Structure formats: structure tokens, C-alpha cells
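>>> Pasting a predicted model and its sequence here:
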Amino acid sequence: MANDKPNQPQDESRRRFLKYSGTALGGVVLGGVIGGLVGSNLNKTTEEETPAPAAKQPAADAKDYNQALMFFNQDQFLTAEAAAERLFPKDDLGPGAKELGVAFFIDHQMASAFGTNSRDYMQPPYYKAEATQGYQLVFKRRELIALGLDAMNKYSTAKYKKLFVEIAPEEQDAVLTAFETDKTEIKDVPASNFFAMFLNLTLEGAYADPLYGGNRNMAGWKMRNFPGNQMSYTEYIEKEEFVKLEPLSLHDHLELG
Amino acid sequence: MATKLPKVPVVIVGMGWVGGIIAAELTKAGISVVGLERGKSRDTQDYYHVHDELRYASRYELMQDLSKETVSFRNTMKMRALPMRTYGSFLLGEGLGGAGVHWNGQYYRFLPYDFEIRSKTVERYGKKKIPENMTIRDWGITYDELEPYFVKYEQMAGISGEKEVPSNIGKMSTPFATAPMKKSPGMKLFEDAAKKLGYHPYVIPSANLTEVYKNPDGIERAPCQYCGYCERFGCEYGAKADPVVTVLPVAKQTGKLDLRMHSNVTQIIHDGKKATGVTYVHTPTGEEYTQPADVVILAGYLFTNVRLLLLSKLGRPYDPETDTGAVGRNYAYQVNGASTSAFYEDREFNLAMGAGALGSSIDDFNGDNFDHTDLKFLHGANIRFTQTGLRPIQYQPVPAGTPKWGAEFKKASVHNSNRVLSVTGQGASMPNRYHFLDLDPEYKDAFGMPLIRMTFDFEDQDRELVKFIAQKTKDIADQMGATKTEVHDSIKQYNIVPYQSTHNTGGTIMGSDPKTSVVNNYLQMWDAENVFICGASNFPHNSGYNPTATVGALAYRTAEGIQKYLDKGGSLV
Ligand SMILES: Cc1cc2nc3c(=O)[nH]c(=O)nc-3n(C[C@H](O)[C@H](O)[C@H](O)COP(=O)(O)OP(=O)(O)OC[C@H]3O[C@@H](n4cnc5c(N)ncnc54)[C@H](O)[C@@H]3O)c2cc1C
Ligand code: SF4
């Protein structure tokens, strides 16, 4: 038992992992600027491999074959993109939801186990709930989001004779507010539930690891000076000054076969 | 028909901290143990890609699959309980190591006062101080009796902390195993402010290792990297003490632990006086087994501990109407909600960096460390500043009055992302006659068995506590050199939607009265001498602290009790 060291990294992949992270076996941090060290180590090891999509990114408008729809139809996608942009607009601090790829993120999430509530308790019966009891609707997330987006178009067509994407930004805000506050008079979609879920998804899309389709080029993180996922901050944790690090994503930690 | 397996000395339900500690102690003593865990196995290498806020923090990758089993909830007995369909208020552990894998590692021994709360309250303020329906009671064990078991946990886990702890918390016979965590600028500001006000700050004792540490079992682990992905995540360094990297390897090494994953226990088999074993379903195949055993240990967290007793009709169910019975009694929680945010226009902090247990705290307003004569509540809160690693999805700091979306929201949330320090209170939760656990009359789990039902609300006690503690957090924050501070000082009803803490307590409480408690001070069941139940379900109330230090100490105590019982049999008290 005395020799049992379950956490000493023993296997090869663990060794490599720790090398990337600038951490020697036993957990002693080597070099100074960890972000830089991780980057350079990685570049060395991945030299002959296909460069990371995040690293190539020559221009935001270059074709990205990973961007296509898994769940939404075309209208729903465009509506989601326009709505998310109003919730999280581009400004002088940085990109908004559209540029960050938030609508793709939401589409992919709706196609995932999360969209079908596969790890939620969905058994009947369903009753009207007190606010303290949480979500008690029969709708699966993907149903609520798709029907909600359709309903936004229905509402804007009734009110402005145009689709949601075609109305002015202030009008879009008015539609969103009507949904947020349950003033739509649309019967078959619980508007405020839809809105709350959509807002949440928008923020997730702005800030989740880029692997999920949003937070394109880690621009959401850069805006907040969030360093993404570094392996160690031992060097910095006591520092009085603010430390800016080039963010790293999960892709940067992946060992490609 | 269930397949009947050969009899074993000991079977444990649930392999989290409690199951792991008991398995290690018993197998080291040469006793064979079967460990039944309904989740999957996991290991440090499962966390090499764990720095993923969406997957682990927002989608609860490591937590119990609620589609199979959840908890139903109502605020009062007049309401219809409805199932917690998705996560919110608390997060349930599942899989090897249980919630011990994705905890923070903040480590607080409960106060000496906690264990004798009733006597000490009556002694200092008289009986009338205890409001009607507040069912506080002594635990049937004192701090001094439990002290050696805290030490065992600390040495095993490598708990870090200051050499000298303030005199207003329990005395330690042995200092912490490792040096305290490093101090971030926010911690220094908090400590300086608290000292200026005459309080007694200390670095939070931590299960995030601070140095290479070899424990008495020969397990050696690497130190914490302050990586900021700790709470809700597994540790890729094995630096966070978790059962998988501490007690379970020791148990496995003995060759005496038969660990069975994907094994969901559905019943305790008994004859009314003693248990004879348990029934479980191997979930991938759906096959049912009975495992006969001399001793049955419930270590499945309080919802399972209470639920299995009720489903198996073992022990006397609690009835709030008549105030009789014991199983399900004294459900309590944690009273958060008192806090002050300090905004800094002139500087930014490295708030993405941090560790689950990084922070400083004071106990000057915890327990009975201050005079309650003129106050309308009992107990208090640990007041703290923590730096656990703030991640951008779940952390959107905006001043009060900021819209929830749109240009202004974006501007404020981005601008403030590294500019806010929060001083918070972690309030104690007093039990109430009408807060309890029983079986839901309507909702079922994936096997068709009733869910556990929680009836719980915040009372005046809690609202008064929050108001008082909030002012203290403000006093401290106001001394921290911020541009402005914002206090949050009110709570309403208990709401199961926002995350608060996974510090659920009670239901199988310990005590010295067999009529109103479920287990004695060896965590041995009064009504079935070969059943031991351990976890926060043993707490008659919850302190102003995180629970696991006290859970860990009780687990060591249980392990000792089981060995005594296997030697001699009979009631241990
Ligand atoms: C996000 C988070 C942060 C936390 N931070 C802290 C902290 O900083 N400090 C602190 O003191 N505490 C903290 N806690 C609480 C701490 O994690 C728990 O107190 C502790 O892990 C409880 O250990 P346990 O063994 O009693 O239960 P668990 O860890 O929940 O283990 C119970 C196990 O039993 C299994 N099980 C349940 N039912 C069955 C069944 N019927 N059949 C078979 N197996 C079953 C479960 O799958 C689980 O693995 C935190 C909790 C969470 C969720
Ligand atoms: S903060 Fe420390 S203990 Fe927590 S996961 Fe990161 S390295 Fe491990």
C-alpha cells in the first residue's frame, strides 16, 4: 500500500498532458508564463498535424463547413440569430451573438440530449406549479424553442406585417419584451418560459467553449479577459495586478491521433 | 426473481465519501466488504478535458441522472409536491466517489456549540428562547468525543489550514496536515477589513492540497494548481481530496473490497429486528440480485438513506401531525442569501483563477459566538470571501437595476466581470416540526417506486438571520476599499430553482433518544442493530458551515462502531 500512488501521473498521455500544462510530475510548476509555455509546447507537438481551426481563422467570413444546421429550419435559424443579437448585441467592447455563432450553438444544443431533456425527470402528471417548484411544462426544450421562434414571427407578422428579421431593432426589442413579460396573447406557447430559456442559451452560446459552435474564436472570452482553460494559475494567484493571458480552449488540450 | 448471492460480512449502499471511508477502514481491518454504487466508475484521467463549463457546470455531467430518480418538493403541507424536473437548488452525486468528486473542498469542523445546541441555548437564554416548532436537539455526541475522528479525516485528506485557529471555533488536538492556501488580493482585503472591525479572520481550511502530501495510508498526491474549474468538476491533478484518489485505492489494495458499479439498491431486506441484506438492480441488464450480509450500511446521501428505510418499512416514519416517529424528521438545509457585492472601478482582480476552497472567513457571528439575547434568531453564519474561479456562463455580475439583456446588460456584465468581490454568509439552518422527508404519494422513479418528497420552507428565523448577517457582510465590504457596495439582505420562500448549496441535512438523525432519533452516536440504527446509516442525514440541524468535515468524522466513527459490532454484537450504547 505504501507504494500506491494513484495520482502520480504514470501513463504516457498523462505525462504529455502535464508537459503541456507546464507542470512537472509531482505538481511543481516549471516555467514562468504558463500560457506561453503551453502554446509553444503545443505548437511543437502538433506541427505536422492539421492546424487547429481556431488557429487558422484567417477571416471571420471564410467558409466553415462545421457551420450548418442540425435542428432548426432556415427561418428558425435566422430568427434565432436576429433575436440573440438583440439580447447580446455587438458594441465597442466586442462582437455580438451573431458574430459569435450563438444561433449555431443553440441549434446544436437543441439537437443534443439537452434539447430532448434526456437527463430530466419528464414523467407525468403535469400540474400547474408554484414559482418555487421550477419548470413543470410538458414541452421539451427543443419544442419550446422552435415553437417560440415560430411564435415570434407570428407575432411580428400580426403586429408589423413583417417577419421578425425584417423589423427594426427597436421593434425587435418590443417583440422580445412582449415575450419576456407574457404580453403576446399567443396561447399555445408559454412566452416567458421560452424567453428565459432563449436568453440563457444565448449567454451560453457567447461563453461556452468554442467546441460547441458559439464563442467563435474565443471572442466572447477575450472580451471579458477570461483566460479560457489554462492548466495552472499557481504563479499568478497571489499577484496584485491583473494578469492578461491569451485564452486557451479545449481544442488546445486535445491530443490529436 | 432476484438472484441470491453468497452472504458477505458487510454491504455498503453508495460509494461516496461515507462509503469510501468505511470501506477503507473495514478492509484495512481485514473485513470483506461489498460496495454497491449505482453510477459509473471514474478516475483522474476522466478529467483531462474537464475544463468545460457548459458540460460540467451547466449540464451537470457528473451528477445524478434525474430522468431515473429525482426528489419532489413543496414548501408546505398544504401544497402539492411536484418533482424537481431539472437541477437547481442542490446537485446530487452519482458514480464512484459521489459528490466528493465535484465538491469544492471547503472544510469546516462544526462548532462545539452545534453538538449541544439545545442544552447550551437553554443554559444561556432559557427555554423560551427556542421558538415553538423549532426542533433543535443535542446530537448525542460532543465535539470532544468527535474530535479524534476529525483528525483522522484531516490526515487522510491532507486538509490544509493555518497553524493556529481562532479561539471562537473548536480546539484542534492535531494541527492541519498541510500549510494554508495561498492568499489572493481579495482574501487580503477581506482579512484586513475584518481585523479592522475586531473580527478573527482565517484562511478557509481546504481539501485542495497545498503541497505534495503523503497520507498515513501511503497515498501521495500533487498540489492544487488554482485552476478555477473545481466546484462541479473533477480534479485532473488528484489535488482535490476525493474518495477516488484517497480512500478507495486503499480499500482496493487490500483485495477485500468487492466494488460493484451500476448497482442500484432498491430495498433493505429485514425481519423487523435485523436486516438480512439488500436487493439491487444491475442497471445495464436490469437483472435483480439479493446480497445477504451481516451488516448493512446506508451511505447513499440523505435522500437515498431516508427513502430506502421508508420503502423497506424499516424504522418508524416521522409524522409531523403527531410529532412522533423518527425517519424523515428534521430536514434542514443551508440559509444563504446574506451578501454584499463590492464593485471596484479602479482595479481588476484575477477572478477566473481560484480553487474550490480558496478563501478567508470569520466565525464571529456563527454559532453562539455572539449574544442572541435581543435577536430573533438562533445560531448564525460563517462569513467569507471565496475565490473559487468565476466562469463566464454562470457569472454575470451587474449592479442592481441593470436590465437583464441588451446593450446595457452586455456592457455592464463585461465591464464588471473582474471587478466584483463578494462577501457572503453561509447561514445555519434550524429544523422545524413541519420540515421533513417522506414518500411522494404520486411520483415514481424509473423502477416504479415512490420518489422521496421534501417539505421545506424558510421561516422567520431564517429571514431574521439573513437580515442580521447581511449587515455584517456590508460592514466588512465597506472597509475593503471598493468604489461602491451593494447589500442583499432578504430572502423569501425557499425556491428550488436557483442553486444554493448541496448541504441537505437530516432525515435519519442521531441522538440519545430512540423515540425521536434514528441512530445512536455510533450511527447504529436503534430499530435494527446491524444497520448503520451515515451522512449528513445524521445531522439534527445544519450549522453555518459546509457539512463534509462532520460527515467525514461521523464516517470514521461509524467504521469503528461496525468493527465493535462485528466483534460483540448488540447495541453499542
Ligand atoms: C457542487 C458541490 C460543492 C460542494 N462543496 C462542498 C464543500 O466545499 N465543502 C463541503 O463540506 N461539502 C461540499 N459539498 C457537499 C459534499 O459533496 C457532500 O457532503 C459529500 O460528498 C457527501 O458524501 P456522501 O458520501 O454522504 O454522499 P454522496 O457523495 O452523495 O455519495 C452517495 C453515493 O451513493 C450512491 N447512491 C445513492 N443511492 C444509491 C442506491 N440506491 N444504490 C446504490 N448507490 C446509491 C450515489 O450514486 C453516490 O455516489 C458540495 C457538494 C456539491 C454538489
Ligand atoms: S482548483 Fe485545485 S483542487 Fe480544484 S480542480 Fe483545480 S487543481 Fe484541482
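Ah, there it is. Numbering: from 1, shown residues only, chains lettered A, B, ... in the order given. Ligands and ions are numbered 1, 2, ... in the order given.

>>> Please make it C-alpha for all contacts and neighbour counts, starting now.
OK.

>>> Next, find the distance separating the spatially closest residue to B:Ser67 that is not a sequence neighbour from ligand 2.
Take B:Ser67 and drop its neighbours on the chain: the residue closest to it by C-alpha to C-alpha, 6 or more residues apart in numbering or on different chains is A:Tyr121, 4.0 Å away. Taken as C-alpha to the nearest ligand atom, to the nearest Å, the spacing of A:Tyr121 relative to ligand 2 amounts to 29 Å.

>>> Burial check on A:Tyr121, number of neighbours?
When neighbours are defined as other C-alpha atoms under 10 Å in any protein chain shown, A:Tyr121 has 22 of them.

>>> same check, this time on B:Glu164
Number of residues near B:Glu164 (other C-alpha under 10 Å) recorded here: 11.

>>> about what we covered before: element containing the residue nearest to B:Ser67, please.
Under DSSP states H and E, no helix or strand contains A:Tyr121.

>>> now check the longest helix that chain B contains, is it near ligand 1?
With secondary structure taken from DSSP state H, chain B has its longest helix at helix B:548-568. Yes. Applying C-alpha under 6 Å from any ligand atom, one finds that helix B:548-568 is in contact with ligand 1 at B:Thr548, B:Ala549.

>>> buried ones in that helix?
Within helix B:548-568, the residues scored as buried using 16 or more other C-alpha atoms under 10 Å in any protein chain shown are B:548-562, B:565.

>>> Extract the C-alpha set from that helix and format it as CSV.
As requested, the backbone C-alpha atoms of helix B:548-568 are provided in CSV (Å, rounded to 0.1, in the frame of the first residue of the first chain):
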residue,chain,number,x,y,z
THR,B,548,-18.4,17.3,4.9
ALA,B,549,-15.9,17.7,7.7
THR,B,550,-18.5,16.5,10.1
VAL,B,551,-19.8,13.8,7.7
GLY,B,552,-16.2,12.5,7.3
ALA,B,553,-15.7,12.4,11.1
LEU,B,554,-19.0,10.6,11.5
ALA,B,555,-18.0,8.1,8.8
TYR,B,556,-14.8,7.2,10.8
ARG,B,557,-16.9,6.9,13.9
THR,B,558,-19.3,4.6,12.1
ALA,B,559,-16.4,2.4,10.8
GLU,B,560,-15.2,2.0,14.4
GLY,B,561,-18.8,1.1,15.6
ILE,B,562,-19.2,-1.5,12.9
GLN,B,563,-16.0,-3.2,13.9
LYS,B,564,-17.1,-3.2,17.5
TYR,B,565,-20.5,-4.6,16.5
LEU,B,566,-18.9,-7.3,14.4
ASP,B,567,-16.8,-8.3,17.5
LYS,B,568,-19.5,-8.2,20.1
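
>>> and that helix, what does it pack onto?
Helix B:548-568 sits against helix B:17-28, helix B:143-157, strand B:528-533, with contacts defined as 3 or more C-alpha pairs under 8 Å, 6 or more residues apart in numbering or on different chains; DSSP states H and E.

>>> Can you tell me the number of residues neighbouring residue 69?
Went with chain A since none was named. Residues near A:Leu69, counting by other C-alpha under 10 Å, number 16.

>>> Wait, chain B was what I had in mind.
By other C-alpha under 10 Å, the residues close to B:Glu69 number 24.

>>> before we move on, what about B:Ala2?
12.

>>> which stretch among the helices and strands packed on helix B:548-568 comes nearest B:His435?
Proximity to B:His435, assessed across the helices and strands packed on helix B:548-568 by C-alpha to C-alpha, is greatest for strand B:528-533 (20.4 Å).

>>> Wait, B:Tyr107 touches B:Gly552, no?
No. Distance between B:Tyr107 and B:Gly552: 10.2 Å, which falls outside the contact criterion (C-alpha atoms under 8 Å).

>>> ok, now how distant is the residue of chain A found nearest ligand 2 from chain B?
The minimum distance from chain A to ligand 2, using C-alpha to the nearest ligand atom, falls at A:Ser232 (7.2 Å). According to C-alpha to the nearest C-alpha, to the nearest Å, A:Ser232 and chain B sit 5 Å apart.

>>> which parts of the stretch 301-450 of chain B sit against ligand 2?
For the stretch 301-450 of chain B, the residues in contact with ligand 2 (C-alpha under 6 Å from any ligand atom) are B:Ala355, B:Gly356.

>>> meant to ask about the stretch 151-300 of chain B, not that
B:Asn208, B:Cys224, B:Gln225, B:Tyr226, B:Cys227, B:Gly228, B:Tyr229, B:Cys230, B:Cys235, B:Tyr237, B:Ala239, B:Lys240.

>>> how close does the nearest residue to B:Gly389 once chain neighbours are set aside sit to ligand 1?
Nearest-residue entry for B:Gly389: B:Gly228, 3.9 Å, with adjacent residues in sequence omitted and distances by C-alpha to C-alpha, 6+ apart. Summarising the geometry, the distance separating B:Gly228 from ligand 1, computed by C-alpha to the nearest ligand atom, is 13 Å.

>>> where does chain A have its least confident helix or strand?
When the helices and strands of chain A are scored by mean pLDDT, DSSP states H and E, helix A:34-46 comes last with a mean of 33.

>>> neighbours around the residue nearest to B:Gly389, how many?
The burial count assigned to B:Gly228 is 26, neighbours taken as other C-alpha under 10 Å.

>>> My read is that it contacts B:Ala352, right?
Yes. Under the criterion of C-alpha under 8 Å, B:Gly228 lies in contact with B:Ala352, with a separation of 6.1 Å.

>>> tell me, what's touching the two both at once?
Shared contacts of B:Gly228 and B:Ala352 (C-alpha atoms under 8 Å, 6 or more residues apart in numbering or on different chains): B:Gly389, B:Leu390.

>>> would B:Ile269 count as being in a helix?
No. Judged by DSSP: H, G, I helix; E, B strand; the rest coil, B:Ile269 forms no part of a helix; its state is strand.

>>> OK, contacts around it?
The neighbourhood of B:Ile269, defined by C-alpha under 8 Å, 6+ apart, consists of B:Ala275, B:Thr276, B:Gly277, B:Val278, B:Thr279, B:Ser312.

>>> And the residues of the stretch 151-300 of chain B next to ligand 2, which is closest to ligand 1?
Checking these against ligand 1 with C-alpha to the nearest ligand atom, the nearest one is B:Cys230 at 8.6 Å.

>>> doesn't B:Lys7 make contact with B:Val33?
No. In this structure B:Val33 lies outside contact range of B:Lys7 using C-alpha under 8 Å: 10.7 Å.

>>> So which of those two has more stuff around it?
Set B:Val33 next to B:Lys7 and count neighbours by other C-alpha under 10 Å: B:Val33 wins out with 24 against 14.

>>> how close does that one get to B:Ala559?
Note on B:Val33: its distance to B:Ala559, by C-alpha to C-alpha, to the nearest Å, is 12 Å.

>>> shared neighbours, the two?
B:Leu26.

>>> OK, contacts around the residue of chain A at minimum distance from ligand 1?
Closest contact between chain A and ligand 1, by C-alpha to the nearest ligand atom, is at A:Arg119 (14.8 Å). Residues in contact with A:Arg119, defined by C-alpha under 8 Å, 6+ apart, are A:Ala113, B:Asp65, B:Leu66, B:Ser67, B:Lys68, B:Thr86.

>>> B:Gly186 too?
B:Gly186 makes contact with B:Phe349, B:Phe385, B:Gln387, B:Leu421, according to C-alpha under 8 Å, 6+ apart.

>>> Just send those residues back as a markdown table, with pLDDT too.
Listed next are those as a markdown table, based on pLDDT from 0 to 100:
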| residue | pLDDT |
| --- | --- |
| B:Phe349 | 98 |
| B:Phe385 | 98 |
| B:Gln387 | 98 |
| B:Leu421 | 98 |
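
>>> how near is A:Ser130 to B:Ile496?
If you look again at residue A:130, you'll see it is Glu, not Ser. Counting by C-alpha to C-alpha, the gap from A:Glu130 to B:Ile496 is 10 Å.

>>> Enumerate the residues of the stretch 101-250 of chain B near chain A.
Selection of the stretch 101-250 of chain B residues close to chain A by C-alpha under 8 Å from any C-alpha of the partner chain yields B:182-185, B:212, B:217-227, B:237-238, B:245, B:249-250.
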